[in-house]
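In: Show me the folded form of this:
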Amino acid sequence: MIIKKTPAQIEKMRAAGAVVARCLKEIAESIVPGKTTTLDIDRMAEELTKKYRAKSSFKNYRGYPNSVCVAVNEEVVHGIPGNRALMSGDIVGIDFGAIVDGWQGDSAITILVGDKGTEEAKRLLRVTREALYMGIDAARVGNRLSDIGHAIQSYVEKNGYSVVRDLVGHGIGRNMHEDPHVPNYGMPGKGVRLEEGMTLAIEPMVNVGTYEVETLGDSWTVVTADGSLSAHFEHTVAIRRDGPDILTVIPTEEALTTNG
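Out: Sure, this is the predicted structure:
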């Protein structure tokens with residue numbers, strides 16, 4: 001069952017989303033090539049969650065042991081933090097969720113570590129991030145659910161990459177995973193009609209090579225089947241009458257202050 005949210009409930013989700021956005025920004029800015037480990041990222045996520053008086057969405061969720069998922073290079077999602085040091089040229093996906101006042105925010109970014117990244121890695125990150133915004137733009141009242149995935153898949157494949165099929169986006173609200181599933185592929189005009197108040201986590205996972213993936217022996221870490229690079233971007237989005245409303249962003253006034 002899809003649970004639509006009231007404007008007041010969406011504002012509560014926006015507060016959780018702002019915490020997620022602040023944490024991801026601060027973590028990304030703190031990574032030092034050759035020094036920061038994926039476990040350091042988890043520690044930062046733990047500290048920032050406390051700093052913003054939030055609760056991790058991920059820790060202990062279905063047995064997941066950490067506060068953040070960290071995926072490096074060929075890892076697609078759900079990477080468990082450990083002692084691996086991030087090197088210049090690595091790409092690292094950071095997926096983080098937070099709960100504020102009982103409401104969830106969920107977002108992911110993939111960044112290039114240091115200044116030695118290949119042109120392929122840079123292009124993959126750009127195309128995946130742009131594909132996310134193609135999907136978000138299709139999340140409009142009156143469209144069908146599959147219009148989101150079709151927009152993502154069309155853009156990704158036009159650029160020569162593939163979209164992961166085995167993992168999809170999801171509804172979100174008081175629970176991290178709610179109905180509906182939000183595939184990143186498919187024909188347009190299929191599925192439920194999008195209505196005001198729906199809240200979705202849209203999250204394309206894009207591979208340089210095949211779309212096929214495998215899960216490692218830890219039962220969590222998903223990797224590309226051919227060892228090619230993978231990138232992942234995600235936003236929590238509310239469908240509003242006047243267009244999609246991205247909730248996992250730093251409030252404009254705060255962002256201007258930080259950058260100014």
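In: from here on, contacts and neighbour counts on C-alpha atoms
Out: OK.
In: who are the neighbours in contact with the nearest residue to L216 once chain neighbours are set aside?
Out: When the adjacent residues along the chain are set aside, L216 lies closest to V222, with 6.3 Å between them (C-alpha to C-alpha, 6 or more residues apart in numbering). Contact partners of V222, counting by C-alpha atoms under 8 Å, 6 or more residues apart in numbering, are E75, V76, V77, H78, G79, V213, E214, T215, L216.
In: I figured the fifth one was touching T221, is that so?
Out: In other words, G79. Yes. Counting by C-alpha atoms under 8 Å, G79 touches T221, with 4.5 Å between them.
In: More neighbours: those two, which one.
Out: For G79 versus T221, neighbours defined as other C-alpha atoms under 10 Å are more numerous around G79 (25 against 18).
In: Need the pLDDT of the more buried one.
Out: We note a pLDDT of 98 for G79 in this prediction.
In: coming back round to it: tell me which two of the contacts of V222 sit farthest apart.
Out: Farthest apart among the contacts of V222 by C-alpha to C-alpha are G79 and V213. That separation is 13.3 Å.
In: circling back: if the residue nearest to L216 is in a bridge, with which residues?
Out: Counting by DSSP bridges, V222 forms beta bridges with V77, T215.
In: Which pLDDT value belongs to it?
Out: pLDDT, V222: 98.
In: Okay, it and H78: tell me how far apart.
Out: Relative to H78, V222 is positioned 6 Å away (C-alpha to C-alpha, to the nearest Å).
In: Return every residue with contacts to both of G79 and T221.
Out: A shared contact of G79 and T221, defined by C-alpha under 8 Å, 6+ apart, is any residue touching both; here these are A71.
In: E178: neighbour count?
Out: Residues contacting E178 under the criterion other C-alpha under 10 Å number 18.
In: so what's it bridging to?
Out: Listed by DSSP bridges, the beta-bridge partners for E178 are G171.
In: now G105
Out: Going by DSSP bridges, G105 forms beta bridges with A98.
In: Hmm, R241 and V141 touching each other?
Out: Yes. With contacts counted by C-alpha under 8 Å, V141 reaches R241, the gap being 6.2 Å.
In: Report the contact partners of G114.
Out: For G114, the contacting residues are V32, P33, M87, S88, G89, D90, by C-alpha under 8 Å, 6+ apart.
In: same thing with R165?
Out: Contacts for R165 (C-alpha under 8 Å, 6+ apart) come out as P183, N184, Y185, Y211, E212.
In: Any figure for the gap between it and E214?
Out: Relative to E214, and taking C-alpha to C-alpha, R165 is found at 12 Å.
In: So, low pLDDT: which residues of this structure?
Out: 253-260 (pLDDT under 70).
In: swap the cut-off to 50 and go again
Out: Using pLDDT under 50 as the threshold, the predicted model of the chain has low-confidence ranges 259-260.
In: can you give me the helices in it?
Out: Applying DSSP state H to the chain gives helices spanning 7-30, 38-51, 119-137, 145-158, 252-259.
In: now, of these, which is deepest in the fold?
Out: The highest mean neighbour count among those, using mean count of other C-alpha atoms under 10 Å, belongs to helix 145-158: a mean of 24.
In: so that one versus helix 119-137, what angle?
Out: Orientation note: helix 145-158 sits at an angle of 160 degrees relative to helix 119-137 (axes from the mean of the first three to the mean of the last three C-alpha atoms, to 10 degrees).
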